[in-house]
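got a predicted structure here, sequence first:
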Amino acid sequence: MKAIVQDTYGSADVLTMRDVDVPVAGDEDVLVHVHAAGVEIGVWHVMAGKPYLLRIMGFGLRKPKVQVRGRDVAGVVEAVGKNVIRFQPGDEVFGTADGSFAEYASAPEARLALKPQNLTFEQAAVVPISGGTALQGLRKGNVQTGQQVLIVGASGGVGSFAVQIAKAAGAKVTGVASAAKMDLVRSLGADEVIDHTREDFTDGTRHWDLILDTGGRRSLSDLRRALTPKGTLVIVGGEGGGKWLGGFDRNLRSGLVSMFVPQRLTMLASKERGEDFDALRELIEAGKVTPVIDRTYPLIEAPDAIRYVVEGRARGKVVITALA
């Protein structure tokens, strides 16, 4: 099969498309004929091997343990392991799989769900990681009806889902984005949008009950000024910072600071779970959440897709089709 492969850490230039063996599904696994694969910032982190913390965490010290890139996936079940009970060949599914930038990918049954009936494969492929992260982040923040919720990075992959999920929960949502992306955030249902290039939402003049920070660069002291006295901050991911921690030091400090202040400061360590994908499917089929796709690339142009995401220009999500 055709796949996007890397043999060493580096820029998108290390990626090549070549023929590799079709993966074999284990007893608890599902072999998926890939129709589309989402592109999220985590793909770049694993490709580059940065921050170095990822290598220590088990992704491979000198080169990636998994050579084929990609995790988000949507496609049709080709075969199932002997212990798989939820899926059968021919089912349309979405979820996560190691090495989804390929014509076939194998995934544990627990990381898949039936594809929403009202989505194309391309739309479904961008949901799992970003949508699941947004869902888990808002749950961790205990989002409530009537709360004032601030989504930092509201036009990005996680943020575009978080705005819609928070609205579905009955919150009053303010999104933070650049001027060029404010219209997108409004279209997602945000009650208000702040242009971060013109307004400092952390100057202490306004306060929110819950802040979901997907931007990754604001200091904890800045974000605390934007919280109500007993508000909650949930930090999702980490960008910027040094080569070793890449901004995750702020995430780690949040728990320590939270021990000494009345506000709740926490980080999200998201997990890829089929039950969350089922919950997202229900929201999507109910018309409460719709994936936003900026661009679609063929498989052979996967390096360009990753470059585009890393540049921060995407309005919503980027997707790769399995057609070479």
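Looks like it arrived, so ask away. Quantities reported herein were computed from a predicted structural model and do not represent experimental measurements.

for residue 298, name its beta-bridge partners.
residue 321 (DSSP bridges).

give me the distance between it and residue 183.
Using Cβ to Cβ, to the nearest Å, we find residue 298 at a distance of 28 Å from residue 183. No exception for glycine: its C-beta is placed from N, CA and C like everyone else's.

what strand or helix carries the residue nearest the centre of the chain?
Taking Cα atoms, centre = their mean, the centroid of the chain lies closest to residue 130, which sits 2.4 Å from it. Assigned by DSSP states H and E, residue 130 falls within helix 128-140.

roughly how far is that helix from the heart of the chain?
8 Å (Cα atoms, centre = their mean, to the nearest Å).

same deal with stretch 218-226?
Distance, centroid of stretch 218-226 to centroid of chain: 23 Å (Cα atoms, centre = their mean).

the residue nearest to the centre of the chain reaches residue 318, doesn't it?
No: Residue 130 is beyond contact range of residue 318, at 10.6 Å (criterion: Cβ atoms under 8 Å).

what do these two both touch?
In terms of Cβ atoms under 8 Å, 6 or more residues apart in numbering, residue 130 and residue 318 are both contacted by the residues residue 38.

for residue 215, see how far away residue 194 is.
From residue 194 to residue 215 the distance is 12 Å (Cβ to Cβ).

no, scratch that, I was asking about residue 34
31 Å.

thinking again about what came up before, check contacts around the residue nearest to the centre of the chain.
38, 40, 72, 157, 158, 160, 161, 317.

ok, which stretches of the stretch 201-324 of the chain are helices?
Under the criterion DSSP state H, counting those that start in this stretch, the stretch 201-324 of the chain contains helices at 220-225, 248-258, 274-285, 302-310.

let me see the mean pLDDT of the last one.
Along helix 302-310, the predicted confidence averages to a pLDDT of 95.

residues in contact with it?
By Cβ under 8 Å, 6+ apart, helix 302-310 touches 4, 12-13, 15, 17, 39-41, 43-44, 47, 69-70, 101, 295, 297, 314, 318-320.

do the same with the longest one
Judged by Cβ under 8 Å, 6+ apart, the contacts made with helix 274-285 from elsewhere in the structure are 86, 94-95, 109-119, 127-128, 131-132, 135-136, 164-165, 168, 289-291.

cool, and stretch 258-268?
133, 136-137, 140-141, 220, 224, 227-236, 251-252, 254-255, 257.

just the buried ones among those, please.
With burial judged by 16 or more other Cβ atoms under 10 Å, the buried subset of the contacts of stretch 258-268 is 133, 136-137, 140-141, 220, 224, 227, 231-236, 251, 254.

and these, which is closest to residue 153?
Using Cβ to Cβ, residue 236 is the member of those that lies nearest residue 153, at 8.4 Å.

still on that earlier bit, ok, now how distant is the residue lying closest to the residue nearest to the centre of the chain once chain neighbours are set aside from residue 225?
Spatial nearest neighbour of residue 130, chain neighbours left out: residue 157 (3.8 Å); criterion: Cβ to Cβ, 6 or more residues apart in numbering. If you measure residue 157 against residue 225 using Cβ to Cβ, the figure is 26 Å.

between those two, tell me which one has more neighbours.
residue 157 (30 against 16; other Cβ atoms under 10 Å).

now for the more buried one: which residues touch it?
Contacts of residue 157 (Cβ under 8 Å, 6+ apart): 40, 41, 126, 129, 130, 314, 316, 317.

if we use 6 Å, what do you get?
By Cβ atoms under 6 Å, 6 or more residues apart in numbering, the residues touching residue 157 are 40, 130, 317.

name the helices or strands packed onto whichever helix or strand residue 46 is part of?
Assigned by DSSP H and E, residue 46 belongs to helix 41-48. Helix 41-48 is packed against helix 302-310, with contacts defined by 3 or more Cβ pairs under 6 Å, 6 or more residues apart in numbering; DSSP states H and E.
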